[in-house]
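**Q** only the shape, not the letters, is given here:
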């Protein structure tokens, strides 16, 4: 939206004010006007707020009629009414381009003039804050805009977005569930709130930063020459294979309880539990942990509650061979997790290892099995029961929403530091890796892989992933987060990141809007007025360029007059 202001001239004071956006306030000389242009490719609602010092005319016309309006010809109005103080109106318009005009026809006017357009309008009368809630079935782009008869503040999930404006809004990506915006009027106010929801896909490239874990990661997205498309995967078993030919890691200042020479190969997944008592999400880790100096290894597993931010597990819910540990979170909360570690053993290179994580149901309760393959047989070193009654439980990778803790639903086979968020420097690394899931009794590769993990805190500063006939090679080198790996071993540059935001979502992924109960009024009857009239005589609005030209001519004229007067004065002296 844009608008143009009329102008005033005074020899003693000359001022030019230019502005843009959804709000306008200023001064209109008699017979001048200011306007907004609005447009939409579909039917929409238009809210208009005005506050004028003298009688003015508020007019809405099709854009095609604006030339006739400006030239004093006949034009068609969708709305044409005299306004003399302040007010707000809501109009329903079909798709197209329009001008919303405020015209000072008999006297100069000081004014405030705001417009806001959108869909799904709700009308409120409020003097205190209220929640505007949007229910999302998917990760989505949420657009909320407002128009108020008094200045408003708006909070998005508790954070200020915009303050003290009669008109404004926000646009943000939000996870599925209930998204809340809080509207805070500065006084008793009439308020229009508009919203729209565009189902989107979680963009893994939003999570990239230096020092992430490196390997093969599936985010529920297929990357190929055609672009990016969503391919969610549910499975009962995840398998990561690796041959580690060379490895040496170092961190000069390791975290507490972590080795300076620590490295880890992690098989990570999100576990989704469907329960009549509320669905849950747990993050499960199956880790080969190495001390690359003493050349010893252990197997470790962790279970985290990913259902919400800073959520913990409890001994009554998660049980196995391990115990509970507490970790401080960035918000200061001590988060409890489940952890288990085998006894340390010596290793020699090369290491051939297959990590296996599987899920079964035991009397309606999920059991997670953490194992490895040695000599052709699977050894499950820990079996963890999650005591949540469930109809089903599975490992899930999907781009349609994030876990409750804000992490993506991905499958990761990645290298990094050993534990406790350690980010290691690797002076030596040469490993071949491949990642599979079970389907119909077969192990299948994923459609494509990215090269970084974003769920785990451990990472590496100098590892890169290159193609190999069987999957990928991890070596020392520069991070290549902007590449993807195909099962054939080929790798290419991914499609532009904006392609991840796509409308290719299931048809069931619709959104509804709910709000706190308040009185709602229908649009004014004037929304359907239509007539063909000639405008009250006026001078059309003047552009900034025209104004500057007038000012230049005026200043030159004043200078000429001043010089002539000065000469006459000198002759008189």
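**A** Sure, I can see it. Predicted model, so just to flag it, every value in this text is computed and none were measured. Numbers count the residues shown, from 1 in each chain.
**Q** can you give me the distance of the most centrally placed residue in the chain to residue 409?
**A** The geometric centre of the chain, computed from its C-alpha atoms, lies nearest to residue 173 (CA atoms, centre = their mean), at 2.5 Å. Distance of residue 173 to residue 409, given as CB to CB, to the nearest Å: 15 Å. (C-beta placed from N, C-alpha, C; glycine too.)
**Q** one more: residue 104?
**A** Using CB to CB, which is the criterion applied here, residue 104 is 58 Å from residue 409.
**Q** again with residue 262
**A** From residue 262 to residue 409 the distance is 27 Å (CB to CB).
**Q** ok, now residue 451?
**A** 18 Å.
**Q** could you do residue 400 as well?
**A** 8 Å.
**Q** show me the contacts for residue 69.
**A** 59, 61, 75, 99, 101, 535 (CB atoms under 8 Å, 6 or more residues apart in numbering).
**Q** got a list of what the fifth one touches?
**A** This points to residue 101. With CB under 8 Å, 6+ apart, residue 101 has these contacts: 33, 34, 35, 57, 58, 59, 60, 61, 69.
**Q** what bridges to it?
**A** Judged by DSSP bridges, the bridge partners of residue 101 are residue 35, residue 59.
**Q** same check, this time on residue 436
**A** residue 239, residue 445.
**Q** my read: it touches residue 470, true?
**A** No. Between residue 436 and residue 470 there is no contact under CB atoms under 8 Å: 11.0 Å.
**Q** of these two, give the one with the bigger neighbour count.
**A** Taking other CB atoms under 10 Å, residue 436 and residue 470 do not tie; residue 436 has more neighbours (22 against 15).
**Q** per-residue pLDDT, the more buried one?
**A** You'll see residue 436 listed with a pLDDT of 95.
**Q** now residue 203
**A** Looking at residue 203, the pLDDT reads 85.
**Q** list the contacts for residue 439?
**A** Here residue 439 is in contact with residue 235 (criterion: CB under 8 Å, 6+ apart).
**Q** how about it, phi and psi?
**A** Residue 439 has phi and psi values of phi -150, psi 120 when expressed as degrees, to the nearest 10.
**Q** how about residue 206?
**A** Here residue 206 shows phi and psi, under degrees, to the nearest 10, equal to phi -70, psi -20.
**Q** that one: neighbour count?
**A** There are 11 residues near residue 206, going by other CB under 10 Å.
**Q** please apply the same query to residue 202.
**A** 26.
**Q** what of residue 252?
**A** Residue 252: 6 neighbours (other CB under 10 Å).
**Q** are we agreed that it is in a helix?
**A** No. According to DSSP: H, G, I helix; E, B strand; the rest coil, residue 252 belongs to no helix; its state is coil.
**Q** next, the contact list for it, please.
**A** Residue 252 neighbours (CB under 8 Å, 6+ apart): residue 260.
**Q** could you measure it against residue 459, distance?
**A** Counting by CB to CB - residue 252 and residue 459 are separated by 15 Å.
**Q** would you agree residue 361 is in contact with residue 389?
**A** No. Using CB under 8 Å, residue 361 is not in contact with residue 389, being 10.5 Å away.
**Q** what's across from residue 243 in the sheet?
**A** Under the criterion used here (DSSP bridges), residue 243 is bridged to residue 352, residue 432.
**Q** list the contacts for it?
**A** 350, 351, 352, 431, 432, 433.
**Q** next, count neighbours for the nearest residue to the second one once chain neighbours are set aside.
**A** It stands for residue 351. Leaving aside its sequence neighbours, residue 351 sits nearest to residue 244 (CB to CB, 6 or more residues apart in numbering; 4.2 Å). For residue 244, the neighbour count with other CB under 10 Å is 22.
**Q** got the contact list for residue 182?
**A** Contacts of residue 182 by CB under 8 Å, 6+ apart are 129, 130, 131, 132, 154, 155, 158.
**Q** spatially nearest residue to it (excluding sequence neighbours)?
**A** residue 155 (4.0 Å).
**Q** and residue 397, what element?
**A** strand 392-402 (DSSP states H and E).
**Q** only the buried residues of that strand, if you could.
**A** Residues of strand 392-402 classed as buried by neighbour count (16 or more other CB atoms under 10 Å): 393, 394, 395, 396, 397, 398, 399, 400, 401, 402.
**Q** mean confidence (pLDDT) on it, please.
**A** For strand 392-402, the per-residue pLDDT averages 95.
**Q** mind giving me the packing neighbours of that strand?
**A** Under the contact criterion of 3 or more CB pairs under 8 Å, 6 or more residues apart in numbering; DSSP states H and E, strand 392-402 touches strand 227-230, strand 233-235, strand 262-274, strand 351-362, strand 408-409.
**Q** can I get these in CSV with mean neighbour count?
**A** Putting the helices and strands packed on strand 392-402 into CSV (neighbours: other CB atoms under 10 Å) gives the following:
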stretch, mean neighbour count
strand 227-230, 18
strand 233-235, 18
strand 262-274, 24
strand 351-362, 18
strand 408-409, 26
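**Q** now render the ones you listed as TSV, adding distance to residue 345.
**A** TSV is the format used below for the helices and strands packed on strand 392-402 (distance: least, CB to CB, whole Å):
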stretch	distance to residue 345
strand 227-230	42
strand 233-235	30
strand 262-274	15
strand 351-362	11
strand 408-409	33
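**Q** which of these has the lowest average pLDDT?
**A** strand 227-230 (a mean of 89).
**Q** strand partners of it, parallel vs antiparallel please.
**A** strand 221-224 (antiparallel).
**Q** which residues touch the residue nearest to residue 470 when sequence neighbours are not counted?
**A** Once flanking residues are discounted, residue 470 sits nearest to residue 434: 5.6 Å by CB to CB, 6+ apart. By CB under 8 Å, 6+ apart, the residues touching residue 434 are 216, 240, 241, 242, 413, 445, 470, 471, 472.
**Q** in this structure residue 178 contacts residue 133, no?
**A** Yes. Applying CB under 8 Å, one finds residue 178 in contact with residue 133, separated by 5.5 Å.
**Q** contacting residues around stretch 361-370?
**A** 271, 273, 282, 284, 286, 299, 301, 303, 340, 356-360, 380-393.
**Q** what about it, how long is it end to end?
**A** One end of stretch 361-370 sits 15 Å from the other (CA to CA, to the nearest Å).
**Q** and that stretch, what's buried?
**A** 365, 366, 367, 368, 369, 370.
**Q** and the fifth one, that one's in a helix?
**A** No. Under the criterion used here (three-state DSSP), residue 369 is strand, not part of a helix.
**Q** so what's it scoring on pLDDT?
**A** 98.
**Q** from residue 283, how far off is it?
**A** Taken as CB to CB, the span from residue 369 to residue 283 is 16 Å.
**Q** ok, now the second one?
**A** Using CB to CB, residue 366 is found at 14 Å from residue 283.
**Q** any common contacting residues for those two?
**A** Both residue 366 and residue 283 are contacted by residue 271, under the criterion CB under 8 Å, 6+ apart.
**Q** now, which of the buried residues of stretch 361-370 sits nearest residue 140?
**A** residue 366 (28.7 Å; CB to CB).
**Q** does that closest one count as helix, strand or coil?
**A** Residue 366 - assigned by three-state DSSP - is strand.
**Q** what of residue 66?
**A** Residue 66 ends up helix, using three-state DSSP.
**Q** skipping adjacent residues, who's closest to it in space?
**A** That would be residue 99: by CB to CB, 6+ apart, it lies 5.0 Å from residue 66.
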